[in-house]
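[1] Would you be able to build a 3D model of this:
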Amino acid sequence: MVNEDKAWVEYRQRFAQVYDESNYASPLQSFVMRASHKLTEKPFGPADHFQKVVEIGAGTGEHLPFVRHGFDEYVLTDLDEKTLEVAQRKLGGVHLGKLRFETQAAGGLDYPDHSFDRLVATHVLEHIYQPHLALKEWARVLKPGGVLSILIPTDPGMAWRLGRHIGPRRNALAQGIAYDYVMAREHVNSCNNLIAILRHYFQPLEEAWWPLPLASIDLNLFFAFHARVKRQEGAG
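    Below is the predicted model:
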């Protein structure tokens, strides 16, 4: 991109290498991040089965180990080809023959309508400049009655801001990452605005918060959302 900032270019070039180190290195940070994945999968167990699942923004493949339900096919997608290469190395020995790794843009998927039974997007929607259009795209590729599962951080809630100041910010700065600048460009959507959009498009829905079972952005770190998508949803 013309006139792009050096700090951003360097961060994106290193993203695949530093993502796990930045988010899962310390015991506390790893515990918190893994709690977010567990929260997303809490409604589903071994008795549940989805024929085809697609994960948006799968990154280095951190979410899949927390998926407890059965599936015939699980497609990990990400715009960053290098992160998918990391995911493929990490997950190479599990779910043999059932995993696919595909480079895809979250806002424009190369799949026909009604392709999947479940779509998972953890730590993704807060990064997308036009989240309402992405949600319509995600609904498009789900079969009628398919499950949309989304997890977002409670940024800019008080607990989230305090938590990242204690953990991720310190780790990122130690790696030479301009953390405050990067977060300003990465988390472009606030949690409260995303929740309002999700509630507008999808009813009925199931919501969950962590660590407290209270509907509070300031007291929690994560918000999880599940909805069964009808044919007409996402139309406006």
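[2] Only the C-alpha atoms, please, for the lengthiest helix in the chain, written as PDB.
    Ranked by number of residues, the top helix in the chain under DSSP state H is helix 6-24. Taking Å, rounded to 0.1, in the frame of the first residue of the first chain, the C-alpha atoms of helix 6-24 are listed here in PDB:
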ATOM      1  CA  LYS A   6       6.700   1.300   8.600                       C
ATOM      2  CA  ALA A   7       5.500   0.100  12.100                       C
ATOM      3  CA  TRP A   8       2.400  -1.500  10.500                       C
ATOM      4  CA  VAL A   9       4.200  -3.100   7.600                       C
ATOM      5  CA  GLU A  10       6.800  -4.600   9.900                       C
ATOM      6  CA  TYR A  11       4.100  -5.900  12.300                       C
ATOM      7  CA  ARG A  12       2.100  -7.600   9.500                       C
ATOM      8  CA  GLN A  13       5.300  -9.200   8.100                       C
ATOM      9  CA  ARG A  14       6.000 -10.700  11.600                       C
ATOM     10  CA  PHE A  15       2.400 -11.500  12.500                       C
ATOM     11  CA  ALA A  16       2.500 -15.200  11.800                       C
ATOM     12  CA  GLN A  17       5.800 -15.600  13.800                       C
ATOM     13  CA  VAL A  18       4.800 -13.500  16.800                       C
ATOM     14  CA  TYR A  19       1.100 -14.200  17.200                       C
ATOM     15  CA  ASP A  20       1.400 -17.200  19.500                       C
ATOM     16  CA  GLU A  21       4.200 -15.700  21.400                       C
ATOM     17  CA  SER A  22       2.300 -12.400  21.900                       C
ATOM     18  CA  ASN A  23      -1.000 -14.100  23.000                       C
ATOM     19  CA  TYR A  24      -0.200 -17.500  24.600                       C
END
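[3] quick one: what helix or strand has the residue lying closest to Y24 once chain neighbours are set aside in it?
    In space, Y24 comes closest to S30 once its chain neighbours are excluded; the distance is 4.6 Å by CB to CB, 6 or more residues apart in numbering. (C-beta placed from N, C-alpha, C; glycine too.) For S30, the element it lies in under DSSP states H and E is helix 27-41.
[4] what's the following helix or strand after that helix?
    Going down the chain from helix 27-41, the next helix or strand is strand 49-55, by DSSP H and E.
[5] Now do the longest helix of the chain and helix 27-41, the angle between them.
    80 degrees (axes from the mean of the first three to the mean of the last three CA atoms, to 10 degrees).
[6] Show me the contact partners of helix 6-24.
    Residues outside helix 6-24 that contact it (CB atoms under 8 Å, 6 or more residues apart in numbering): 29-30, 33-34, 59-60, 62, 80, 82-83, 85-86, 168, 171-172, 175, 177-178, 181-182, 185.
[7] just for this structure, where's the confidence low?
    1-2, 19-23, 25, 231-236 (pLDDT under 70).
[8] same thing but 90
    Applying pLDDT under 90 to the chain picks out residues 1-30, 92-93, 163-187, 203, 230-236.
[9] which strand of it spans the most residues?
    The longest strand of the chain (DSSP state E) is strand 142-153.
[10] what's the spacing between P144 and P43?
    As judged by CB to CB, to the nearest Å, P144 and P43 stand 19 Å apart.
[11] if we can go back for a sec, can you list the buried residues in the helix holding S30?
    Buried residues in helix 27-41, counting neighbours by 16 or more other CB atoms under 10 Å, are found at 29, 32-33, 36-37, 39-41.
[12] With stretch 94-101 instead?
    For stretch 94-101, burial by neighbour count (16+ other CB under 10 Å) applies to 99, 101.
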